[in-house]
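[1] build me a model:
(chains A, B, C and D)
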Number of protein chains: 2
Amino acid sequence: MEQFTNKTADIICQALSQRIRRGEFAAQGRLPGERQLSEQFATTRITLREALGQLEAQGLIYRELRRGWFIAPPRLVYNPLHRSHFHAMAQRQGRAANTEVIDAHVAAVSHELADKLAMSEGEEVFRIRRLRRIDGRAVLYVEHYLNPRYFPGLLELDLTQSLTDLYLTRYGIRYGRVRFTMLPGPVPPLAAPLLKVAAGSPALFITRINRDQHDRIIDCDCEYWRYDALCVDVEAQGVLGG
Amino acid sequence: MEQFTNKTADIICQALSQRIRRGEFAAQGRLPGERQLSEQFATTRITLREALGQLEAQGLIYRELRRGWFIAPPRLVYNPLHRSHFHAMAQRQGRAANTEVIDAHVAAVSHELADKLAMSEGEEVFRIRRLRRIDGRAVLYVEHYLNPRYFPGLLELDLTQSLTDLYLTRYGIRYGRVRFTMLPGPVPPLAAPLLKVAAGSPALFITRINRDQHDRIIDCDCEYWRYDALCVDVEAQGVLGG
DNA sequence: AAGTGGTCTAGACCACCGG
DNA sequence: CGGTGGTCTAGACCACTTA
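    Okay, the predicted model is just below:
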């Protein structure tokens, strides 16, 4: 477990990491200012920030743009195949969830999305953009694209609640097959300020294409998760290789 | 798509990003030196490296420790539920795969791993460590932990080949249910030099717990993927929320 | 208004890779 | 051994948050 290092940044990393694990900053939930820390470690702010960046990459701390460095809470465990409600999922893990609707409009579908939704470029879709919080911290920015033929009048409803619920109770639609892709990528410009991260910061990008009980593609989600907020956990029957 | 920015680093980002997409560096497969670039953009190496770091986070370029910056090849599409061979998977995507065995020994299982394997702490397991390359580039460091009761004598075999194949042909074992977790995390010290990344760099950490046709847990894989080398793609029947 | 993080300058030395 | 990237110094100004 020991590091073979003599880099100043690594030494700071280890020292801070130990102090964090001992709960030294747990009370305030945040670290002292960068200038104060760099003084403590007798180094430059640049070097100190290098160390903080490493701890951030390890998921031990996170930053909010221009606000400071905070102790990272545990990751939310998330199964993209599991069509439960965000709020229920959070609650089962002892966390408090919150959903904010950014906007909900009719939009023309892009070429790329049309492919995913089995629609034609330029057709109209419902686009719902939402921000979701765990224990008050914004962790997920998501854009839902719905094929409107299946959901007439949906945009008039209360969209802070679970879409899964709306689908079932209002339209008799339940989820069937799911396909998702997941890759690291930069956070989109619109999402950055909402998640309080710098534009272009790394995020986990998950797209999900959902079908209903009749195997029709009904919607597509584009999710941008904070890098450190998520642990994907999937259990399923294995598929034979081809 | 436009950025509202006047940061030097962002301007460099956009300029480089454009030149990369136009294939300007495709011939050499790599970027010019940092000093040369910082001169071209009339800035400091620090600022230039800030820009390179952003392009790296976006997966456009990658670095090899002390060797330089390279144009990132396309991501490998990977389905952790899909128990096909690494080599076959690569080949279907027009890529060349290669597997190197780092070592293969009997080891005492840690507490954490014992849990995953449904074994007891301190019991013996087979540990196989391998490095896998795509088109010559090391992208995956993986530790396989096997319950030895199911695989007597396996360590004597040629382990550069597919374990899936060995399981079936030598032991009559095929994969059944799979559970995997996936989260970003730092690359472990042993893997860093093999993947040619700096110790503590971010990586994608995937653990997989595999069962056989009788639903017995047979092995557990701990995979560390280069951050930019991977796109997870899963299709499966959705699971009803609880 | 004061203090924070975000960005930048203009150098420097070191460790390592490659010829 | 020359050139590369990796690390570091000691400042500075700006944009934003917070009080």
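[2] residue furthest from the geometric center of chain A?
    A:Ala42 (35.9 Å; C-alpha atoms, centre = their mean).
[3] give me the phi and psi for it.
    The phi/psi pair for A:Ala42 (degrees, to the nearest 10) reads phi 50, psi 50.
[4] do A:Leu195 as well
    With angles defined as degrees, to the nearest 10, A:Leu195 sits at phi -90, psi 0.
[5] what residue in chain A comes nearest to DNA strand D?
    Per C-beta to the nearest atom of the strand, A:Thr8 is where chain A lies closest to DNA strand D, at 2.9 Å. Just so you know, the C-beta spots here come from the backbone N, C-alpha and C atoms, and that holds for glycine as well.
[6] hey, where'd the helices end up in chain A?
    A:8-21, A:34-40, A:45-57, A:86-92, A:111-117, A:163-171, A:191-195 (DSSP state H).
[7] show residues contacting the first one.
    Read that as helix A:8-21. Residues external to helix A:8-21 that are found in contact with it (C-beta atoms under 8 Å, 6 or more residues apart in numbering or on different chains): A:3, A:5, A:25, A:31, A:37, A:41, A:43, A:47-48, A:50-52, A:54-55, A:58, A:60-61, A:71, B:200.
[8] out of those, who's near DNA strand D?
    The subset of the contacts of helix A:8-21 lying close to DNA strand D, counting by C-beta under 7 Å from any atom of the strand, consists of A:Thr43, A:Thr47, A:Glu50.
[9] quick one: low-confidence parts of chain A?
    Where chain A drops to pLDDT under 70, the residues are A:1-6, A:84, A:239-242.
[10] contact residues of it facing DNA strand D?
    Proximity of chain A to DNA strand D, by C-beta under 7 Å from any atom of the strand, involves residues A:7-9, A:42-47, A:50, A:65-67.
[11] make a ChimeraX selection of the buried ones in those.
    For the buried members of the residues of chain A next to DNA strand D, the matching ChimeraX selection, counting by 16 or more other C-beta atoms under 10 Å in any protein chain shown, is:
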select /A:8,9,43,47,50
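[12] the residues of chain A next to DNA strand D also near DNA strand C: which ones?
    When contact is defined as C-beta under 7 Å from any atom of the strand, these meet DNA strand C at A:Arg45, A:Ile46, A:Leu65, A:Arg66, A:Arg67.
[13] looking at the residues you listed, which one is closest to B:Gln237?
    Within those, the smallest distance to B:Gln237 is 40.0 Å, found for A:Leu65 (C-beta to C-beta).
[14] and that closest one, what does it touch?
    Contacts of A:Leu65 (C-beta under 8 Å, 6+ apart): A:Ala192, A:Pro193, A:Lys196, A:Val197, A:Ala198.
[15] may I have the distance across stretch A:152-170, first residue to last?
    10 Å (C-alpha to C-alpha, to the nearest Å).
[16] same check, this time on stretch A:148-167
    Stretch A:148-167 end-to-end distance (C-alpha to C-alpha) = 12 Å.
[17] swap in stretch A:181-201?
    19 Å.
[18] and that stretch, which residues are buried?
    Neighbour counts over stretch A:181-201 (16+ other C-beta under 10 Å) mark A:181-188, A:191-192, A:194-195, A:197, A:199-201 as buried.
[19] same thing with stretch A:156-170?
    A:Leu159, A:Ser162, A:Leu163, A:Thr164, A:Leu166, A:Tyr167.
[20] same check, this time on stretch A:126-143
    Buried, per 16+ other C-beta under 10 Å, within stretch A:126-143: A:126-134, A:137-143.
[21] spatially, which two of these are the most separated?
    It's A:Phe126 and A:Arg137 that sit farthest apart of those, by C-beta to C-beta, at 27.7 Å.
[22] name the nearest of the residues of chain A next to DNA strand D relative to A:Glu112.
    A:Leu65 (28.6 Å).
[23] quick one: contacts for A:Asn98?
    With the criterion set at C-beta under 8 Å, 6+ apart, A:Asn98 makes contact with A:Arg132, A:Arg133, A:Ile134, A:Gly136.
[24] go with 6 Å
    Contacts here follow C-beta atoms under 6 Å, 6 or more residues apart in numbering or on different chains; on that basis A:Asn98 touches A:Arg133.
[25] what does chain A have sitting close to DNA strand C?
    Close to DNA strand C, as judged by C-beta under 7 Å from any atom of the strand, chain A has residues A:31, A:33-36, A:45-46, A:49, A:63, A:65-69, A:198.
[26] which among those gets closest to A:Asp115?
    Out of those, the member with the shortest distance to A:Asp115 (by C-beta to C-beta) is A:Ala198, at 30.7 Å.
[27] phi, psi for the closest one please.
    Torsion angles at A:Ala198 (phi, psi; degrees, to the nearest 10) stand at phi -70, psi 150.
[28] tell me the contacts of it?
    A:Ala198 neighbours (C-beta under 6 Å, 6+ apart): A:Leu65.
[29] that one and B:Asp10: what is the separation?
    Distance, A:Ala198 to B:Asp10, by C-beta to C-beta, to the nearest Å: 10 Å.
[30] is it possible to get a markdown table of the contacts of A:Leu65 that adds distance to A:His111?
    Output for the contacts of A:Leu65, formatted as a markdown table (distance: C-beta to C-beta, whole Å):
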| residue | distance to A:His111 |
| --- | --- |
| A:Ala192 | 24 |
| A:Pro193 | 27 |
| A:Lys196 | 31 |
| A:Val197 | 28 |
| A:Ala198 | 29 |
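[31] quickly note the distance from A:Val101 to DNA strand C.
    Distance of A:Val101 to DNA strand C, computed by C-beta to the nearest atom of the strand, to the nearest Å: 27 Å.
[32] does that residue touch A:Arg129 like I think?
    No. Using C-beta atoms under 6 Å as the test, A:Val101 is too far from A:Arg129 to be in contact (7.5 Å).
[33] where along chain A do the strands fall?
    Here chain A has its strands, by DSSP state E, at A:61-64, A:68-71, A:76-78, A:82-83, A:97-108, A:124-134, A:137-146, A:175-186, A:202-212, A:217-226, A:230-237, A:239-240.
[34] could I get those strands in TSV, plus columns for distance to B:Ala236?
    As requested, the strands of chain A are arranged in TSV below (distance: least, C-beta to C-beta, whole Å):
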stretch	distance to B:Ala236
strand A:61-64	31
strand A:68-71	35
strand A:76-78	15
strand A:82-83	11
strand A:97-108	25
strand A:124-134	23
strand A:137-146	20
strand A:175-186	6
strand A:202-212	11
strand A:217-226	15
strand A:230-237	5
strand A:239-240	8
